[in-house]
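Undergrad: model the structure of this input:
(2 chains)
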Amino acid sequence: MLCDKYKKALIESVARNAAPPNALREHIEVCAQCRAAFASEQALCATINSHLRDCANAEPSPSFLPRLRVGIAEERTPAPRWSPMWAAVAASAILSVTTLLAWKPWHTATARRTAPAILASNILPTSPEKQSRSESLTSSTASVTGRSHKTRIFQRDIRDDELGLLVPTSQRAIVDQLIGHIQRGEIDGKVLVPSSRADLQISTIEIPPITTPTSLEATSESSTNSEILGGKTAGH
Amino acid sequence: MQELVLIQPIRAAEEEWTREAAHAAKRRDFEERLAECGPLAYRVARGVLRNDADAEDVAQEALLRAYRRFDGLRDAQRFRGWLVRIVFRLALDRARSAKRRELRETEWAQPARRPAPPTAEEFAASSEFQAHFDEALDALPEKLRLVLLLSAMEGYTLDKVAAMVGLPVGTVKSRLFVARKKLAEKLQCYVTSTRKR
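TA: As a prediction, the model looks like this:
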């Protein structure tokens, strides 16, 4: 029990690297067990110190400093400075990217509005001949817009379930029937594809002059009046 | 107005020149310190990593970082402490990532990493002690470990260490004491267990 009390002081004294206090020294002289423990602690601390010295005083390889100087010399090469010209270039790049990002959704929305022009190419069955036909239509549409890649992206954007949005609700049943006929092969789908631009143009319609209800009433009124008058005269 | 227009570019050029001169003087100052601080950086890194190649890598990286930021250092007297802290941080990061990598690798290659049977008892005991010592050192808190390593370096008295770390000498002494005590306690267990064998 007594030795346990001194043991802590013993370790602390060795760890402090100082001479043990008087009370501890007297106990060590008397107690052989504590003397052995003290010697063991001292040996352990000496080993720790020697390991620490080895660990902390290692010499770098002879090539370490020359390599370091080379590294520093490389660092010394002046970095490109932030000139006003570069600032202007960066600002314009940021502006163009922002404009592009803002313009893309708007363009997609515009393209969706022009969808009926190429609706037929989506409906047609995909036989090789029809495929080439639809491609020619796409390219002709693209040549009109002048942005072929944008048109292709637009075609991919439209989903099948979205096509219904392009047809007025009152005509959806008829269009569905028509598509059914085309898909079954009962009707040739080519009829939907214009062969030339002339097919897309609507010829002027001649509208005959409309007879207004007032003129009709006037004529009927005059006839009845004459009848009445005639009756009256006949009666007279 | 005309005078102002003429004077301003000259002043700007003078300021630029003064700045460049101060910059160059600081660079020269840094390069002069390399001979002393290079090995110091290496030793700190080596103390944490205990691997020559890794220690050189980390020391070089730390010195290059210090070189890049040298202009921002207000008090050149504190350069050593500043550098030591950079190296110590980088070395700790490297040691942590190495430990993680080692853990990952041991999960996949468990049988290959079994230690070879000792050929000589003495050698085995020594290498085993070294392994335990490294383990105990790594387990020490960072602030204790740095003080312990610096004070073990030749030519660094407690006063110098205290100045380098930016702490009072009393604090350095107490940290050193706690660090040694912890190391001794951990390694004592190992010594007693080997004696029992």
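
Undergrad: quick one: average confidence on stretch B:152-169?
TA: Stretch B:152-169 comes out with an average pLDDT of 90.

Undergrad: can that stretch be found next to chain A?
TA: Yes: using C-beta under 8 Å from any C-beta of the partner chain, a contact is recorded between stretch B:152-169 and chain A, made by B:152-154. Just so you know, the C-beta spots here come from the backbone N, C-alpha and C atoms, and that holds for glycine as well.

Undergrad: what of stretch B:70-86?
TA: No: contact of stretch B:70-86 with chain A (C-beta under 8 Å from any C-beta) is absent, the minimum separation being 10.3 Å.

Undergrad: what sits up against that stretch?
TA: B:23, B:26-27, B:29-30, B:33, B:37, B:40-41, B:44, B:62-63, B:65-66, B:146, B:150, B:163-166 (C-beta atoms under 8 Å, 6 or more residues apart in numbering or on different chains).

Undergrad: in ChimeraX, select just the buried ones from the residues you listed.
TA: To isolate the buried ones among those in ChimeraX, judged by 16 or more other C-beta atoms under 10 Å in any protein chain shown, type:
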select /B:27,30,33,37,40,41,44,62,63,66,146,150,163,164,165
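
Undergrad: which stretches of the chain form helices?
TA: You didn't say which chain, so I picked chain A. With DSSP state H as the criterion, chain A has helices at A:2-16, A:22-30, A:32-56, A:64-76, A:84-113, A:119-123, A:128-145, A:148-157, A:172-184, A:197-200, A:213-235.

Undergrad: hmm, I had chain B in mind actually
TA: Using DSSP H, helices in chain B cover B:2-49, B:52-69, B:79-108, B:121-139, B:142-152, B:158-165, B:169-196.

Undergrad: and the second one, what does it pack against?
TA: Helices and strands touching helix B:52-69, as assessed by 3 or more C-beta pairs under 8 Å, 6 or more residues apart in numbering or on different chains; DSSP states H and E, comprise helix A:64-76, helix B:2-49, helix B:79-108.

Undergrad: with distance to A:Ala9 and mean pLDDT added, can I get the ones you listed in JSON lines?
TA: Below are those laid out as JSON lines (distance: least, C-beta to C-beta, whole Å; pLDDT from 0 to 100):
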{"stretch": "helix A:64-76", "distance to A:Ala9": "45", "mean pLDDT": "83"}
{"stretch": "helix B:2-49", "distance to A:Ala9": "30", "mean pLDDT": "80"}
{"stretch": "helix B:79-108", "distance to A:Ala9": "33", "mean pLDDT": "85"}
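
Undergrad: so which of those helices gets nearest B:Lys181?
TA: helix B:2-49 (18.9 Å; C-beta to C-beta).

Undergrad: which secondary structure elements does that closest one contact?
TA: Checking 3+ C-beta pairs under 8 Å, 6+ apart, helix B:2-49 ends up next to helix A:32-56, helix A:64-76, helix B:52-69, helix B:79-108, helix B:142-152.

Undergrad: if we can go back for a sec, among the residues of stretch B:152-169 next to chain A, which one sits closest to A:Leu95?
TA: A:Leu95 has its nearest neighbour among those in B:Met153, at 56.5 Å by C-beta to C-beta.

Undergrad: fine by me, we can end here.
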